[in-house]
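Undergrad: sequence unknown, structure follows:
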């Protein structure tokens, strides 16, 4: 065979081999090469060279496919994961856009010498209650992380910023800016709660037992969890100079939950919490907050019908909480009772308390999701997403809550109040929901806010509409 003919044959054979599918590569390569060798078109050495080249190409293609990261875009946001599952990153976020309107808040005054001088009024209006962007994911399979910032209020603040190690089984360790191990409704995401705002218990929890820089140890099973940690103060943009700073406060908290019944649509949950925070030495602040307990009417209004004001000489706060929750099909129940002890320097201790009971019912039949390893509820997942084209309307939920707050003890008259809240929630899909809420505050006693004649306010009503987008 001439040299040119042989070269042409080799080229044709190579082309055929390169265009052969990977799944049939082994058989087709052998058949083609053997046929060409048997007819004398190729020598045995040339055939062996082609087979080795094709085998190498297959291995290279398989290695490239194996090393290729997967990219997904869906209801959980943008997710990128390495082929071996050891590394991942997810882009998520949330937007809560609120409209608030107050009723019966006219002609109010601050109790004291300025009662008839300085008029007060709750602030009705609009706000971006939460506007967050979050990056989360996995490193080296056993390390989880999250970096979440909030842009609401035309300012930037750190929310969650921590790393979690899961390789120390049966424990996991979390280090960074995180929530205290405290309170079911504090642990639950604002994306998942049934009401526009948390209950009156937040007046005792949020000032001292929300997020802080610390280390947390947790162990859990399918229907239980125990976790606890020690914490410094929260991230604060103020007082960052290294000279002249006072020692910050610190604290600890422990939470345990158990669900003896934990099925898809049936649940019984018990929980207990205990924690303590000590104030700093300079101004008695705790967790970067003033030494006070208060409950705002709404986030965008500075008016608080219950407010102790700064407690002189506050040394530390001890908080205990008991939880009970249940679910049966579309009906769910949740409650917490909180007792706080505020210890003062050179004065008697103070006792404050709060509680709530709430129930929700899905009009479209869905059950709330419960995560036993965290001891908390998640939001509803509609059976059928809202679609005008398909004639489906998502999930609808009604919720009712009663809560009380008592901030009166010894010489502190921070006020007592009761509230009733009603919500109608429309889950258009797993990412978008609309919340319409009504709150009626009544039976005010010893409130720092009074009417112009010095009497206690009769009642205050609040209407709130929220559009929520979360992924």
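TA: Perfect, I can see it now. Computed from a predicted structure; not experimentally measured.
Undergrad: tell me the SS of residue 423?
TA: With DSSP: H, G, I helix; E, B strand; the rest coil as the basis, residue 423 sits in strand.
Undergrad: count the neighbours of it for me.
TA: 22 (other CB atoms under 10 Å). Where you see a C-beta, it was placed from the backbone N, CA and C, and this is true even at glycine.
Undergrad: do residue 118 as well
TA: Residue 118: 11 surrounding residues under other CB under 10 Å.
Undergrad: need the helix or strand of the chain with the lowest average pLDDT.
TA: Scoring the helices and strands of the chain by mean pLDDT, DSSP states H and E places helix 3-18 at the bottom, with a mean of 47.
Undergrad: tell me the pLDDT of residue 452.
TA: Per-residue confidence (pLDDT) for residue 452: 85.
Undergrad: that one is in contact with residue 106, isn't it?
TA: No. Judged on CB atoms under 8 Å, residue 452 makes no contact with residue 106 at a distance of 9.5 Å.
Undergrad: any weak-confidence spans in the stretch 151-300 of the chain?
TA: 236-246 (pLDDT under 70).
Undergrad: show me the helices in it, by range?
TA: Taking DSSP state H, counting those that start in this stretch as the criterion, the stretch 151-300 of the chain carries its helices at 184-187, 202-209.
Undergrad: winner for burial among those?
TA: helix 202-209 (a mean of 24; mean count of other CB atoms under 10 Å).
Undergrad: by contact count, what packs against that one?
TA: Packing partners of helix 202-209 (3 or more CB pairs under 8 Å, 6 or more residues apart in numbering; DSSP states H and E): helix 184-187, strand 250-262, strand 266-278, strand 294-298, strand 314-328, strand 331-344, strand 350-362.
Undergrad: contact partners of that helix?
TA: Identification of contacts with helix 202-209 by CB atoms under 8 Å, 6 or more residues apart in numbering yields 180, 182-183, 185-186, 198, 251, 253, 275, 277, 286-287, 289-290, 292-295, 306, 317, 319, 321, 338, 340, 352-354, 405, 407.
Undergrad: spit out the contact partners of the closest residue to residue 198 other than its chain neighbours.
TA: Of all residues not flanking residue 198 in the chain, residue 185 sits nearest, at 5.2 Å (CB to CB, 6 or more residues apart in numbering). Residues in contact with residue 185 (CB under 8 Å, 6+ apart) are 193, 198, 199, 201, 202, 334, 336, 356.
Undergrad: do residue 284 as well
TA: Residue 284 makes contact with 291, 310, 311, 312, 313, 314, 315, according to CB under 8 Å, 6+ apart.
Undergrad: just those now: which is nearest residue 173?
TA: Residue 173 lies nearest to residue 315 out of these, by CB to CB, at 30.0 Å.
Undergrad: please report how far that closest one lies from residue 409.
TA: 16 Å (CB to CB, to the nearest Å).
Undergrad: before we move on, what about residue 192?
TA: Applying CB to CB to residue 192 and residue 409 gives a distance of 33 Å.
Undergrad: what do you get for residue 85?
TA: Counting by CB to CB - residue 85 and residue 409 are separated by 54 Å.
Undergrad: now do residue 361
TA: According to CB to CB, residue 361 and residue 409 sit 37 Å apart.
Undergrad: the two: which has the busier surroundings?
TA: Neighbour count, other CB under 10 Å: between residue 361 and residue 409, residue 409 has more, with 17 against 13.
Undergrad: is it true that the more buried one touches residue 344?
TA: No. Using CB under 8 Å, residue 409 is not in contact with residue 344, being 11.0 Å away.
Undergrad: who touches both of the two?
TA: Common contact partners of residue 409 and residue 344 (CB under 8 Å, 6+ apart): residue 350.
Undergrad: quick one, what contacts the residue nearest the centre of the chain?
TA: Among the residues of the chain, the one closest to the centroid is residue 189, at 3.6 Å (CA atoms, centre = their mean). Contacts for residue 189 (CB under 8 Å, 6+ apart) come out as residue 378.
Undergrad: let's see that with 10 Å instead.
TA: Applying CB atoms under 10 Å, 6 or more residues apart in numbering to residue 189 gives the contacts 94, 376, 377, 378, 379, 470.
Undergrad: now, which of those residues lie within helices?
TA: Among the contacts of residue 189, DSSP state H puts none in helices.
Undergrad: kindly indicate which of the contacts of residue 185 lies nearest residue 460.
TA: residue 199 (16.3 Å).
Undergrad: what about the closest residue to that closest one other than its chain neighbours, distance to residue 444?
TA: Sequence neighbours aside, residue 356 is the residue nearest to residue 199 in space, at 3.7 Å (criterion: CB to CB, 6+ apart). Using CB to CB, one gets 17 Å for the distance from residue 356 to residue 444.
Undergrad: neighbour count: the two, which is higher?
TA: Using other CB under 10 Å as the criterion, residue 356 and residue 444 rank with residue 356 on top: 23 against 20.
Undergrad: you'd agree that one is up against residue 198?
TA: Yes. Using CB atoms under 10 Å, residue 356 makes contact with residue 198 at a distance of 8.7 Å.
Undergrad: and the pLDDT for residue 36?
TA: Looking at residue 36, its pLDDT is 69.
Undergrad: same thing with residue 107?
TA: pLDDT recorded at residue 107 is 85.
Undergrad: list the contacts of residue 151.
TA: Each residue near residue 151 by CB under 10 Å, 6+ apart is listed here: 93, 95, 128, 130, 131, 132, 133, 157.
Undergrad: element containing the fourth one?
TA: Same thing as residue 130. Using DSSP states H and E, the element containing residue 130 is strand 125-139.
Undergrad: show me what the helix or strand just after that strand is packed up against.
TA: The first helix or strand that comes after strand 125-139 along the chain, using DSSP H and E, is strand 143-150. For strand 143-150, the elements it packs on are strand 88-103, strand 125-139, strand 157-165, strand 171-179, judged by 3 or more CB pairs under 10 Å, 6 or more residues apart in numbering; DSSP states H and E.
Undergrad: quick one: closest of those strands to residue 366.
TA: Across the helices and strands packed on strand 143-150, closest to residue 366 is strand 88-103 (CB to CB), at 21.0 Å.
Undergrad: the closest one to strand 125-139, inter-axis angle?
TA: Strand 88-103 and strand 125-139 are oriented at 160 degrees to each other (axes from the mean of the first three to the mean of the last three CA atoms, to 10 degrees).
Undergrad: what helices or strands is strand 88-103 leaning on?
TA: Judged by 3+ CB pairs under 10 Å, 6+ apart, strand 88-103 is in contact with strand 70-74, strand 77-81, strand 125-139, strand 143-150, strand 294-298, strand 301-307, strand 432-445, strand 459-470.
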